[in-house]
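Asker: Kindly return the folded structure for what I paste below:
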Amino acid sequence: MTVNRATFAEINLDSFRHNLHSIKSLIGPNVGTMAIIKADAYGHGAVQCARTAIKEQVDYIGVGIIQEGIQLRENGITSPILILGGIYPNEIEDLIKYNLSTSLSSSVIANAISKKAAQVNKSVGVHIKIDTGMGRLGVQPEAFLSLLNSAISYKNLKIEGVFTHLSSADEEDPETTHHQISIFSNVLKKLYTTNFYKMISKNDRILFHSANTAGLLRFSEGRFDLVRPGISLFGSFPSATTASAFDVLAKENKITQLRPVMNWKTKIIQIQTLRKGVPVSYGGRYVTKNESARIATIPVGYADGLSRCLSNNMELLVKETRVKQVGTICMDMCLIDITNLPDVTMGEEVVIFGSQGKGHIKVEELATRAGTIPYEILCGIGKRVPRIYIS
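Answerer: Numbers count the residues shown, from 1 in each chain. Purely as a prediction, here's the structure:
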């Protein structure tokens with residue numbers, strides 16, 4: 001008999017679907033969508049989220065590394081998949097075998113892919129990446145045309161797209177993003193002074209894209225042919241500035257708010273009544289403050305992704321009421337103070353973030369308290385936390 005763990009992440013695929021619909025409604029019918037499903041769909045489960053996205057007719061699935069693309073292919077996903085992080089030479093055979101497309105920033109890799117593809121009479125899709133200011137992956141703008149011409153010369157490469165990545169679209173100051181979009185646009189203009197039309201005749205439509213979640217919400221001029229929503233599909237935003245931008249667009253377009261897709265839950269495993277002045281958990285960093293303090297143990301800790309830096313610095317929901325986490329968060333467990341909830345018993349549901357009746361705790365709150373971003377909280381929830389899918 002399979003017994004589900006008391007600590008689990010509840011994934012609402014209807015909410016995921018709603019968020020995708022909202023994003024597609026905002027960008028309009030003439031702009032395509034690449035659903036970013038990297039990092040196990042930001043901790044939500046790549047296969048299930050990819051299947052849902054495909055049913056909603058996204059144009060591409062975006063992943064970070066080749067292993068993520070292979071996982072999707074082995075689970076029956078046949079839609080176009082782009083490996084955003086590029087590949088190494090020893091991964092080319094799998095790239096071809098699993099019919100994956102890759103980011104391309106180097107003529108050396110382009111040559112290696114073409115040679116391998118020629119050996120099996122296949123063509124491989126590539127999206128040439130231009131570094132417009134991220135300083136990470138990509139070819140420098142002045143070297144783009146050289147790489148483009150090299151790629152055109154390889155008959156076993158199919159140029160599917162040209163793209164860049166915006167480094168600061170979620171920041172309040174838009175100057176950096178405007179500058180990046182300007183660089184990208186100017187490079188694209190130069191294409192029409194080259195043999196670009198020959199490339200068009202060799203291939204199907206070539207997609208130009210730059211906009212992540214913050215980019216597509218705040219900089220409509222950066223949407224081009226395709227947008228790449230990631231965190232927004234899961235009901236979260238990169239920053240308060242981005243959330244405000246969505247609120248404005250939602251009001252203008254009469255679109256409802258995005259919905260959090262994950263509820264992280266657990267259950268109380270033990271309750272103790274302790275006198276005032278008793279230190280609890282490792283290091284005794286919390287001391288009970290009330291006579292007859294009721295301290296509950298819950299089976300979730302930093303091995304599950306609940307950061308130790310949140311010790312004595314977070315709240316959870318019990319019976320729709322916020323309660324404080326107390327003491328040092330352990331590997332497998334942590335403690336909460338339920339003194340003000342005398343009716344709570346062993347087995348009571350506890351929500352780490354998400355909703356419980358009228359109570360709500362956003363993942364953004366945990367991220368702020370931990371000094372990080374929602375991405376890290378969501379991606380950090382470990383594999384031993386089962387994902388339970390509901391619709």
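Asker: next one: the helix or strand containing residue 151 to chain centre, how far?
Answerer: Using DSSP states H and E, residue 151 sits in helix 144-153. Chain-centre distance of helix 144-153: 31 Å, with CA atoms, centre = their mean, to the nearest Å.
Asker: So which elements touch it?
Answerer: helix 107-119, strand 124-129, strand 157-163, helix 175-191, helix 196-202 (3 or more CB pairs under 8 Å, 6 or more residues apart in numbering; DSSP states H and E). For the C-beta atoms, the positions are set from N, CA and C on the backbone; glycine is no exception.
Asker: so which of those comes closest to residue 308?
Answerer: Among the helices and strands packed on helix 144-153, the nearest to residue 308 by CB to CB is helix 175-191 (33.7 Å).
Asker: Distance check, the closest residue to residue 230 other than its chain neighbours against residue 68.
Answerer: For residue 230, ignoring the flanking residues on the chain, the nearest one in space by CB to CB, 6 or more residues apart in numbering is residue 36 at 3.6 Å. The gap separating residue 36 from residue 68 is 11 Å, by CB to CB, to the nearest Å.
Asker: ok, these two, which is more surrounded?
Answerer: Neighbours per residue, other CB atoms under 10 Å: of residue 36 and residue 68, the larger number sits with residue 36, 27 against 24.
Asker: Test of understanding: give the bridge partners of that one.
Answerer: Bridge pairing for residue 36 (DSSP bridges) gives the partners residue 62.
Asker: Show me the strands in the stretch 151-300 of the chain, by range?
Answerer: For the stretch 151-300 of the chain, the strands defined by DSSP state E, counting those that start in this stretch occupy 157-163, 207-211, 226-227, 262-267, 270-274, 279-280, 286-287, 293-298.
Asker: Quick one: those strands as a markdown table, columns for mean neighbour count, distance to residue 48 and mean pLDDT too.
Answerer: Below are the strands of the stretch 151-300 of the chain laid out as a markdown table (neighbours: other CB atoms under 10 Å; distance: least, CB to CB, whole Å; pLDDT from 0 to 100):
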| stretch | mean neighbour count | distance to residue 48 | mean pLDDT |
| --- | --- | --- | --- |
| strand 157-163 | 23 | 26 | 96 |
| strand 207-211 | 24 | 25 | 97 |
| strand 226-227 | 25 | 22 | 98 |
| strand 262-267 | 23 | 12 | 98 |
| strand 270-274 | 14 | 33 | 97 |
| strand 279-280 | 16 | 38 | 97 |
| strand 286-287 | 17 | 38 | 97 |
| strand 293-298 | 22 | 26 | 98 |
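Asker: tell me the domain ranges of this structure?
Answerer: Split into domains by automatic domain parsing, the chain comes to 13-253, 262-361.
Asker: Buried ones in stretch 246-266, by neighbour count?
Answerer: 246, 249-250, 255, 258-266 (16 or more other CB atoms under 10 Å).
Asker: what about that stretch, start to end distance?
Answerer: In stretch 246-266, first residue to last residue: 31 Å (CA to CA, to the nearest Å).
Asker: Repeat that for stretch 322-334.
Answerer: End to end - CA to CA - stretch 322-334 spans 16 Å.
Asker: List the buried residues in that stretch.
Answerer: For stretch 322-334, by 16+ other CB under 10 Å, it's 323-330, 333-334.
Asker: got a list of contacts for it?
Answerer: 269, 280-283, 285-286, 295, 297-304, 306-308, 310-317, 335-338, 340-341, 359, 361 (CB atoms under 8 Å, 6 or more residues apart in numbering).
Asker: Buried subset of the residues you listed, written for PyMOL?
Answerer: To isolate the buried members of these in PyMOL, using 16+ other CB under 10 Å:
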select buried, resi 280+281+286+295+297+298+299+300+301+302+304+306+307+310+311+314+315+316+317+335+336+337+338+341+359+361
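Asker: Among the contacts of stretch 322-334, name the ones in helices.
Answerer: Among those, the subset assigned to helices under DSSP state H is empty.
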